[in-house]
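*Asks:* Have a look at this prediction, sequence included:
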Amino acid sequence: MTNGQRGTVHSAPPNPPDPDTLERLKAETRSLASDRRDMAAAKAAAGAAGTALRDRVLDAIAFPAGCVVSAYWPMGSEIDPRPLIESLHERGHPLGLPVTLRRGLPLVFRAWAPGQPLVPGGFGTQVPTPERPAIRPQVLLVPLLAFDRLGYRLGYGGGFYDRTLAALRAEAPVCAVGLAYAGQEARQVPRDVYDQRLDWVVTEAEAIETASLDDDGVRSA
């Protein structure tokens with residue numbers, strides 16, 4: 001996978017705000033980002049955006065043969081990853097979907113393939129049935145509310161993907177690919193030392209590789 005795997009947490013921004021201020025800033029940004037995503041979804045033709053997203057991902061990212069991919073089942077105004085999921089399944093990639101056990105814990109991933117049943121999960125999600133085996137993804141397709149060009153994302157506030165990526169990267173390299181509408185881009189996402197960067201952000205309009213950038217946006221040789 002081209003420059004697409006990390007094993008470390010990147011440094012905190014210089015002079016980060018205190019935790020209470022940062023949390024308040026994230027909450028305010030989250031509300032605005034949710035409205036912006038709704039607007040971006042309303043402007044886009046959902047089916048066309050999902051297809052364009054699929055094509056951008058597959059054109060930009062070289063998935064190793066047979067690598068395990070975790071996806072997500074879209075909810076609300078999230079960009080639709082299902083055309084991409086179908087293509088990855090057709091290419092022979094084992095797939096899984098995330099399951100939230102409880103707050104404070106990393107996500108777990110259960111094996112799933114298109115056409116298999118889903119059941120309601122926490123926080124309004126759809127998840128594989130409980131008997132499905134756990135998998136360890138090598139590539140994660142990640143939903144988000146907002147992103148910046150350094151690869152930082154704003155999620156829903158539970159910290160699930162940050163904890164999950166930190167735990168996975170402590171064991172072995174993984175590649176995290178954020179999926180979003182182009183209209184979800186922010187100049188800078190508020191972040192702290194615990195926030196995990198994405199290796200790519202892909203929208204219906206472009207694929208942005210962030211894996212080789214430092215926290216000042218400088219691309220390494």
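*Replies:* The structure has been received and is ready for your questions.
*Asks:* remind me which residues of this protein are low pLDDT?
*Replies:* Scanning the chain for pLDDT under 70 picks out 1-17, 46, 216-221.
*Asks:* hmm, try it at 80
*Replies:* For the chain, residues meeting the criterion pLDDT under 80 lie at 1-23, 45-47, 104, 122-123, 212-221.
*Asks:* Nearest residue to the middle of this protein?
*Replies:* V142 (1.6 Å; C-alpha atoms, centre = their mean).
*Asks:* gap between it and P117?
*Replies:* 24 Å (C-beta to C-beta, to the nearest Å). (Each C-beta comes from the backbone N, C-alpha and C, glycine too.)
*Asks:* before we move on, the earlier item: my read: the residue nearest to the centre of the chain touches A176, true?
*Replies:* Yes. The pair V142 / A176 is scored as a contact, 5.6 Å apart, by C-beta atoms under 8 Å.
*Asks:* between these two, what contacts are shared?
*Replies:* Y161, L198 (C-beta atoms under 8 Å, 6 or more residues apart in numbering).
*Asks:* re the thing from before, return the distance of the residue nearest to the centre of the chain relative to R149.
*Replies:* Counting by C-beta to C-beta, the gap from V142 to R149 is 16 Å.
*Asks:* dump the residue contacts of R102.
*Replies:* So R102 contacts nothing (C-beta under 8 Å, 6+ apart).
*Asks:* re the thing from before, bridging residues for the residue nearest to the centre of the chain?
*Replies:* Beta-bridge partners recorded for V142 (DSSP bridges): G178.
*Asks:* ok, it to L165 distance?
*Replies:* Taking C-beta to C-beta, one finds V142 at 8 Å from L165.
*Asks:* before we move on, what about R110?
*Replies:* Counting by C-beta to C-beta, the gap from R110 to L165 is 18 Å.
*Asks:* Same question for E23.
*Replies:* For E23 relative to L165 (C-beta to C-beta), the value is 20 Å.
*Asks:* Who has more neighbours out of those two?
*Replies:* Comparing E23 with L165 by other C-beta atoms under 10 Å, the one with more neighbours is L165, at 23 against 14.
*Asks:* That one and A172 touch, don't they?
*Replies:* No. With contacts counted by C-beta under 8 Å, L165 stays clear of A172, the gap being 12.0 Å.
*Asks:* So for the host helix or strand of A33, what gets flagged as buried?
*Replies:* Assigned by DSSP states H and E, A33 belongs to helix 19-43. Buried residues in helix 19-43, counted by 16 or more other C-beta atoms under 10 Å: L22, K26, T29, R30, A33, S34, R36, R37, A40, A41.
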